[in-house]
Every structure is written in C-alpha cells, then in structure tokens.
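Engineer: Return atomic coordinates for the entry below.
(chains A and B)
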Amino acid sequence: ETGVTQTPRHLVMGMTNKKSLKCEQHLGHNAMYWYKQSAKKPLELMFVYNFKEQTENNSVPSRFSPECPNSSHLFLHLHTLQPEDSALYLCASSPTSGKGAETGYTFGSGTRLTVV
Amino acid sequence: AQSVTQPDIHITVSEGASLELRCNYSYGATPYLFWYVQSPGQGLQLLLKYFSGDTLVQGIKGFEAEFKRSQSSFNLRKPSVHWSDAAEYFCAVGAGLYGQNFVFGPGTRLSVLP
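Structural biologist: Just a heads-up that it's a prediction; the model follows:
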C-alpha cells in the first residue's frame, strides 16, 4: 500500500457507458495527477491538479473529465469511450506540483480499464 | 523539451548476476532524474532520485544509479539480482524551473532466470 488508493482495480465498460475512476490519498499532498499507461507506449500525463486547481490538461479528449473536489480526492469521469482508451490509468500525488520533482511522485496501483 | 530513452526493451539476467539498465536523457540543463519500478499489476514505486550533489545515488532494494553529465546518462545498477526484481523499470526526467514537467522513458522489462 503506497498511500494512494485507486478504485476500482478493474473496470469493463461499453462505449456508451458512463463510469468514474476514483483516487484517494492521505499523505497530505496537494498535487494529484492522472497518467495513462498503454501497452507499448510510454506513460502519458493526462491532467495535473495543484491545490484543487487544474494546472495542466495534456490535450486529453473531452470524453475524459477530471474532478478534484479537495486535495485528497481525484476523479476521472469517463463517457462514450473508444476501444483504444483501454489502458491502465494511474493516479499519483506529490507535496505540490512544484515539489513533485524533488520528492518524486507516489503512485497508486492503477485501474485497468477495458472498453468493449 | 526533454526526452528520455531506454535503449533496452527487455533484458534477461540470471539470479545473482549483476544488472545495469541504461537511461539517456535530452535536456539543456541539469535535470531531475528518477528510476521507478513497476511490478505486474501494480503502480510505480520510486527506487531513487538525483537532482544535485553526489552523482552516485543509492536507492531502495539495493539499487544504485550514476549520473554522468558528459554522457547524458543515468544508468541503474544492482550487483546481485534477486528473482523478485523481475519487473518493468522506468527512467524519468523532471525539467522546468521546479522539475515539474515529468517525462517517462518507455521502460525496460527485466526477466530473472532461476
């Protein structure tokens, strides 16, 4: 257990479904991140939140909608996904986005998403 | 923009043998450098990091890495590999004023033979 908890661990959804991924950390961190890890591709940063404010959206399609209600929780709302969106979605946190490099990120175990 | 290459996609070593995983980066200034490990079905765990000082850094699980500015490299080493070290290893670079722009390499998968 790293201190960053992601639920669910596995999710299968149809292309017309709406689902949400949840990430929770109780490390006292103020920055949270969503990454996408696809087979044969490097980790892709999707979103960055610092003190609940979105500071980076890495050209992510609008079918992915993040939400950060407080510094401890991060959601990724999914709707009308495509099969190519199937991947491992990783959440990470750091003290602040500015301190992320000095401390490194703490990652959750990920949600394995399959879109059918 | 910074970039990271890990030339070896897959490496196989025998248990007890030494290990070196290569990482090369491209960045105009001194970057923040990291190695992460990912076991199957798990998230990434930080092994070690470098951003100043001694160029040889020690990490968890008996790993170490050496920063060589002249070669733009940050290779990961372990003198004696254990079967539990089988995993995917990622090198990462943090750049920008606070190193906040993280870029991960494509990863090297390590297999360990008994």
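
Engineer: for the chain, what spans make up the strands?
Structural biologist: Picked chain A for this. With DSSP state E, the ranges of strands along chain A come out as A:4-7, A:10-13, A:18-25, A:31-37, A:44-50, A:53-57, A:64-70, A:73-79, A:87-94, A:106-107, A:111-115.

Engineer: other chain: chain B
Structural biologist: B:3-5, B:10-14, B:19-21, B:24-26, B:32-38, B:44-50, B:56-58, B:64-68, B:73-78, B:87-95, B:101-104, B:108-113.

Engineer: sorry, back to before: out of the strands of chain A, which comes closest to chain B?
Structural biologist: The closest of those to chain B is strand A:106-107. By C-beta to the nearest C-beta, the value is 3.6 Å. (C-beta placed from N, C-alpha, C; glycine too.)

Engineer: That closest one: partners in the sheet, and parallel or antiparallel?
Structural biologist: When sheet partners are counted by DSSP bridges, strand A:106-107 sits next to strand A:87-94 (antiparallel).

Engineer: Find the least confident helix or strand in chain B, judged by mean pLDDT.
Structural biologist: The weakest-scoring helix or strand in chain B, judged by mean pLDDT, DSSP states H and E, is strand B:101-104 (a mean of 81).

Engineer: hmm, who's touching it?
Structural biologist: In this structure, residues lying in contact with strand B:101-104 by C-beta atoms under 8 Å, 6 or more residues apart in numbering or on different chains are A:42-43, A:45, A:100-101, A:105, B:1-4, B:36, B:90-95.

Engineer: Which among those count as buried?
Structural biologist: For the contacts of strand B:101-104, a burial check counting by 16 or more other C-beta atoms under 10 Å in any protein chain shown picks out A:42-43, A:45, A:100-101, A:105, B:2, B:4, B:36, B:90-95.

Engineer: Grab the most central residue of chain A for me.
Structural biologist: A:Trp34 (2.8 Å; C-alpha atoms, centre = their mean).

Engineer: Tell me the spacing between the closest residue to B:Arg109 other than its chain neighbours and B:Tyr89.
Structural biologist: In space, and not counting its chain neighbours, B:Arg109 is closest to B:His10: 4.7 Å by C-beta to C-beta, 6 or more residues apart in numbering or on different chains. Using C-beta to C-beta, to the nearest Å, B:His10 is found at 11 Å from B:Tyr89.

Engineer: Between the two, which has more neighbouring residues?
Structural biologist: B:Tyr89 (24 against 10; other C-beta atoms under 10 Å in any protein chain shown).

Engineer: Does that one touch B:Tyr36 like I think?
Structural biologist: Yes. When contacts are counted by C-beta atoms under 8 Å, B:Tyr89 is listed as touching B:Tyr36 (7.2 Å).

Engineer: overlap in contacts of those two?
Structural biologist: Common neighbours of B:Tyr89 and B:Tyr36, counting by C-beta under 8 Å, 6+ apart, are B:Leu47.

Engineer: quick one: low-confidence ranges for the chain?
Structural biologist: All of this is about chain A. Residues of chain A that meet the criterion pLDDT under 70 lie in A:1-2, A:98-101.

Engineer: should've been chain B
Structural biologist: Short version for chain B, where the test is pLDDT under 70: B:95-101.

Engineer: near chain A, which residues of it?
Structural biologist: Contact residues, chain B versus chain A (C-beta under 8 Å from any C-beta of the partner chain): B:32, B:34, B:36, B:41-46, B:49, B:51, B:90, B:94, B:96, B:98-100, B:102-107.

Engineer: from these, which would you call buried?
Structural biologist: Buried members of the residues of chain B next to chain A, scored by 16+ other C-beta under 10 Å, are B:32, B:34, B:36, B:42-46, B:49, B:90, B:94, B:96, B:99-100, B:102-107.
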